[in-house]
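[1] starting from these lines, generate the structure:
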Amino acid sequence: MDQPIFWYSRTIFTVSNLKEAIDFYTQKLNFEEQWCQGDTIAQVNRNGLEIILHCHDKTPIGGGKILIVLNLDLLNELHDEIKENGTECSFTSVPWYALIVKDIDSNELWFQDTTSLA
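    Have a look, this model is predicted:
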């Protein structure tokens, strides 16, 4: 019997300071640190959303983006949680309704409402 094809992917965000980036994701966005190798690479996770944080002298910092689709109730809960943690965020309706959170290196997490998919 053939094995099903399974693609496993993770986003890599380039950061200027690994410890500060881990602190931002774990303290402000409630991710959990999964692993860390020295002061150059680590992975954080929240509900299966895994992000690799990479700190390297020769790689441009920031500019990464990831799109996460949530239902409207979860999106509103996340917005309340983010504001409660004192993290800045903004909403956009172009090209779709989404909550945007920038990390300390200007990588962006776009949380899209599922109703925007229609």
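[2] mind telling me what element the closest residue to residue 14 other than its chain neighbours is part of?
    The shortest distance from residue 14 to any non-neighbouring residue, by Cβ to Cβ, 6 or more residues apart in numbering, is to residue 59 (4.9 Å). C-beta here means a position set from N, CA and C on the backbone, and glycine is covered the same way. Residue 59 belongs to no helix or strand when assigned by DSSP states H and E.
[3] which helix runs longest in the protein?
    helix 72-84 (DSSP state H).
[4] distance from the chain centre to the following helix or strand past that helix, please.
    Sequence-wise, the next helix or strand downstream of helix 72-84 (DSSP H and E) is strand 90-92. The chain centroid and the centroid of strand 90-92 are separated by 15 Å under Cα atoms, centre = their mean, to the nearest Å.
[5] and what of stretch 14-31?
    On Cα atoms, centre = their mean, the centre of stretch 14-31 falls 10 Å from that of its chain.
[6] would you agree residue 12 is in contact with residue 54?
    Yes - counting by Cβ atoms under 8 Å, residue 12 sits close enough to residue 54 to count as a contact (5.5 Å).
[7] helices along the chain, start to end?
    Counting by DSSP H, the helices of the chain are 18-23, 72-84.
[8] tell me which of the ones you listed is the most buried.
    helix 18-23 (a mean of 17; mean count of other Cβ atoms under 10 Å).
[9] coming back round to it: ramachandran coordinates for the residue nearest to residue 14?
    phi -100, psi 130 (degrees, to the nearest 10).
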